[in-house]
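**Student:** what follows is a predicted structure for the sequence shown.
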Number of protein chains: 2
Amino acid sequence: MDADPTPVRIGLLGCGNVGAALVGLLTNEPELLAHRTGLHFEVARVAVRNLARQRAVELPDGCLTHDADSVVNDPDIDVVVELMGGIEPARRLILAALKQGKPVVTANKELLANVGAELFEAAATAGVDLLYEASVAGGIPLIRPLRESLAGERISRVMGIVNGTTNYILTRMTEEGASYGDALSEAQSLGYAERDPTADVEGFDAGAKAAILASIAFGVTVVAGDVYREGISGVTPADIDVARRLGYVVKLLAIAERLDEKVAVRVHPAMIPATHPLAAVRDSFNAVFIEGEAVGELMLYGRGAGGMPTASAVLGDLVDAAHNLRMGGSGRTGTLRNGSFLAVDELSSQFYLNLDVVDRPGVLAAVATVFGEHGVSIRSMEQEGLGDEARLVFITHTARERDVQATLHGLRDLDAVKRIGSLLRVIGPE
Amino acid sequence: MDADPTPVRIGLLGCGNVGAALVGLLTNEPELLAHRTGLHFEVARVAVRNLARQRAVELPDGCLTHDADSVVNDPDIDVVVELMGGIEPARRLILAALKQGKPVVTANKELLANVGAELFEAAATAGVDLLYEASVAGGIPLIRPLRESLAGERISRVMGIVNGTTNYILTRMTEEGASYGDALSEAQSLGYAERDPTADVEGFDAGAKAAILASIAFGVTVVAGDVYREGISGVTPADIDVARRLGYVVKLLAIAERLDEKVAVRVHPAMIPATHPLAAVRDSFNAVFIEGEAVGELMLYGRGAGGMPTASAVLGDLVDAAHNLRMGGSGRTGTLRNGSFLAVDELSSQFYLNLDVVDRPGVLAAVATVFGEHGVSIRSMEQEGLGDEARLVFITHTARERDVQATLHGLRDLDAVKRIGSLLRVIGPE
């Protein structure tokens, strides 16, 4: 393989953090890459928004352009790498590249979580690769194992910690007893969280990734809007304390599961057993836990973000796309079916909830009656605090979401209930 | 893809536990598989040692044979799956299949860890796939991510818990304070350990897997005999106690690392920080932790053994091989270079060791002098027990293995040292 590696000319759309890291990886050790893959990559054209901006990498003269269409349409470009983000013009450019028979590698989760089905269809029609390993969980090999290694596997559930910012915040709250606000500030000062952290802390980022994961795991079209979503801004140190005492850890989970041939996809904070492999995923790391009928339990763990890890995933896809191109075809493309969804209402789990109550005899009886009326059975209860500080903490047996929501409704009507605090789903065996 | 899936005729060599599970996976939901992959698999011929044996699966009449050569040579067979184990005749049969242009899927770690280079060479020459995902860590997608997703990655170290039996034993010792002997008996009664547990507990099984992992991670020929090996039979509850007190967990690790362009491969019990992701790998689960320059830290976790998980990995390879065959070629084959090895003597780490000593003034000074003479610096020391029970427990700063071995040699000559207990390498930052 060492002699005459096949040249592969890359058209790069966008050259920010990930793009610069990718150029670095491609140019730092070209011999190693040529030896391993039989390919010689050249970053031939790079489309950027701001030509004047200082970049962390050196690009050959004349390589940069404003005009992304000219890059995609350049007949000398073999493969297109899309790192611009957002839906348009990324969508239009990718469709144009695929139509010309050019494989595309993208890291764009927003795009895939919204118009993925259209793009996969276009790739399948053109018989060309559309690869997107970097779009979920950064550097973790996840899409390829799911699509290829587990091609024959009947997957029942995928549960992931797919947002590093929120996992960092929850880790600080768990390990140092930090408040949500303090942990968020720390994440912001370290650059893990944006000044406006909404996309991360309210679960929008995790929701987009959950949609992509569900699509691959179950072969059905899932868009971000199909995902039930709650964030972590309501999680308190008290919740985390109770979780610890009961042998749980609080994590923001993206969960895609198949129940009776329907698919349910959701993002919310949850308590998971401290012995569960996801419980050991700390700081800004990501991990995806997969349950399949034959393979049993799998977990894939690593860096979910960052220029270098993400560029590493893009490079893996590039090698794949270029290899397939040289073989005269695409890898395994697949199209998505339309699936039916199960609303979050219909799902069942155990629940943790807490109530600030008036501290007087008979309150527990009144509260317990409301649970009972809605068929929600209580596994454990404890009172924390006395008098004005009185709080009841419950863990239910497995119950339907709908029944628990009706219970909350009923509890709000009780005079003795001053405030309903957190509601967290509890994952794991009773 | 639903119309007319491409037929793929499988010749199966060996039909034990994994073979039966594979036949089950292929026959249980053929439509799902056909939809997902565009392939229709047929188990056409099966070579077994004992025709009369009762099998867990139904095979068509006339499918079974004694004559493995006739299966490999049958012109109607498209793909050969080798699940017989051992070196011969597996080696000869695989070479014959490859020479005929038939892709081969194997789960045979012994074969790959001994004559892998020859087989990879033959596959590359023939331009045919030789896939072996199931040979290391059962159902965990590991080989494909290492070879493909990380094709452009410069890997510095791979550390794995790749033997479920020993991890089960160490977990029982850690979580229940069981002795090595009791934990081993429990593993045997559960079927996790063989009656003669040597291959597992002395690290031979992990050593073969370490050789395969090192070969893929670094692209050099590594055979089982190149792997430095220690087992867990000397690990005591006292060692595990000290580890816990210091914030560590004891695991049997297979470690392949690249240092100054040399490769070092070893298997031994080690202390790892309780916060390390490998520390949370419990019971008979396996996991491989990969460190790469761009991707950072990755871990792949799952079931390392068992019929179904292993069959799942074989099926993933089968889909890949059949897809490539249909495309008229192989996936990315690669050959191995001859690498240079670094002997374990030259490696450095922190060390834990304990000494039974005579309890009298001046002993620590004498012991510490021996450490100092060999340039081994002590990070912490504590005395456990008094009088006849006196024991000194040391953790060193980072030191060369060779110097530590010389220190042990010197300590053996001291009258005050009654016995040198365990020596465990300590992984992680000082």
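**Tutor:** Great, that's in hand.

**Student:** alpha carbons of the least confident helix or strand in chain A by mean pLDDT, as CSV, please.
**Tutor:** Here the helix or strand of chain A ranked lowest by mean pLDDT, DSSP states H and E is helix A:30-37, holding a mean of 81. The C-alpha coordinates for helix A:30-37 follow below in CSV (Å, rounded to 0.1, in the frame of the first residue of the first chain):
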residue,chain,number,x,y,z
PRO,A,30,0.4,12.3,5.8
GLU,A,31,2.8,9.3,5.5
LEU,A,32,1.2,7.5,8.5
LEU,A,33,-2.3,8.1,7.0
ALA,A,34,-1.1,7.0,3.5
HIS,A,35,0.5,3.9,4.9
ARG,A,36,-2.6,2.9,6.9
THR,A,37,-5.2,3.8,4.3
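
**Student:** any buried residues in it, and which?
**Tutor:** Neighbour-count burial for helix A:30-37 flags A:33, A:34, A:36, A:37 (criterion: 16 or more other CB atoms under 10 Å in any protein chain shown). The C-beta positions use only the backbone N, C-alpha and C, and glycine is treated the same way.

**Student:** which residue packs closest to the second one, ignoring adjacent ones?
**Tutor:** Pointing back at residue A:34 there. Excluding its sequence neighbours, the residue lying closest to residue A:34 (CB to CB, 6 or more residues apart in numbering or on different chains) is residue A:5, at 4.0 Å.

**Student:** what is the burial count for the one you found?
**Tutor:** 18 (other CB atoms under 10 Å in any protein chain shown).

**Student:** swap in residue A:232?
**Tutor:** A count of nearby residues for residue A:232, using other CB under 10 Å, gives 25.

**Student:** what does the one 3 residues further on give?
**Tutor:** The tally of other residues near residue A:235 (other CB under 10 Å) stands at 23.

**Student:** SS state for it?
**Tutor:** Assigned by DSSP: H, G, I helix; E, B strand; the rest coil, the conformation of residue A:235 is coil.

**Student:** again with residue A:23
**Tutor:** helix.

**Student:** check contacts around it.
**Tutor:** A:12, A:15, A:43, A:57, A:59 (CB atoms under 8 Å, 6 or more residues apart in numbering or on different chains).

**Student:** hmm, which of those residues are the buried ones?
**Tutor:** A:12, A:15, A:43, A:59.

**Student:** among these, which lie within strands?
**Tutor:** Counted as lying in strands by DSSP state E, out of the buried ones among the contacts of residue A:23, are A:12, A:43.

**Student:** with pLDDT and distance to residue B:143 as added columns, please give the buried ones among the contacts of residue A:23 in JSON lines.
**Tutor:** Output for those, formatted as JSON lines (pLDDT from 0 to 100; distance: CB to CB, whole Å):
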{"residue": "A:12", "pLDDT": "97", "distance to residue B:143": "30"}
{"residue": "A:15", "pLDDT": "93", "distance to residue B:143": "33"}
{"residue": "A:43", "pLDDT": "94", "distance to residue B:143": "30"}
{"residue": "A:59", "pLDDT": "82", "distance to residue B:143": "35"}
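
**Student:** could you find the closest non-adjacent residue to the one residue in the stretch 151-300 of chain A that gets nearest to chain B?
**Tutor:** The nearest approach of the stretch 151-300 of chain A to chain B comes at residue A:280, 3.4 Å away (CB to the nearest CB). Excluding the flanking residues, the one nearest residue A:280 by CB to CB, 6+ apart is residue B:280, at 3.4 Å.

**Student:** list the contacts for that neighbour?
**Tutor:** A:275, A:277, A:279, A:280.

**Student:** now look at the helix or strand hosting residue A:206 and say if it contacts chain B.
**Tutor:** Under the criterion of DSSP states H and E, residue A:206 resides in helix A:204-218. No - contact of helix A:204-218 with chain B (CB under 8 Å from any CB of the partner chain) is absent, the minimum separation being 10.8 Å.

**Student:** restrict that helix to CA atoms and write it as CSV.
**Tutor:** Only the C-alpha atoms of helix A:204-218 are listed here, as CSV (Å, rounded to 0.1, in the frame of the first residue of the first chain):
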residue,chain,number,x,y,z
PHE,A,204,-32.3,20.9,23.1
ASP,A,205,-28.8,19.7,22.0
ALA,A,206,-29.4,16.3,23.6
GLY,A,207,-32.8,16.2,21.9
ALA,A,208,-31.3,16.6,18.4
LYS,A,209,-28.8,13.8,19.2
ALA,A,210,-31.5,11.6,20.6
ALA,A,211,-33.4,12.0,17.3
ILE,A,212,-30.4,10.9,15.3
LEU,A,213,-29.6,8.0,17.6
ALA,A,214,-33.2,6.8,17.5
SER,A,215,-33.2,7.0,13.7
ILE,A,216,-30.2,4.8,13.4
ALA,A,217,-31.1,2.3,16.1
PHE,A,218,-34.6,1.7,14.9
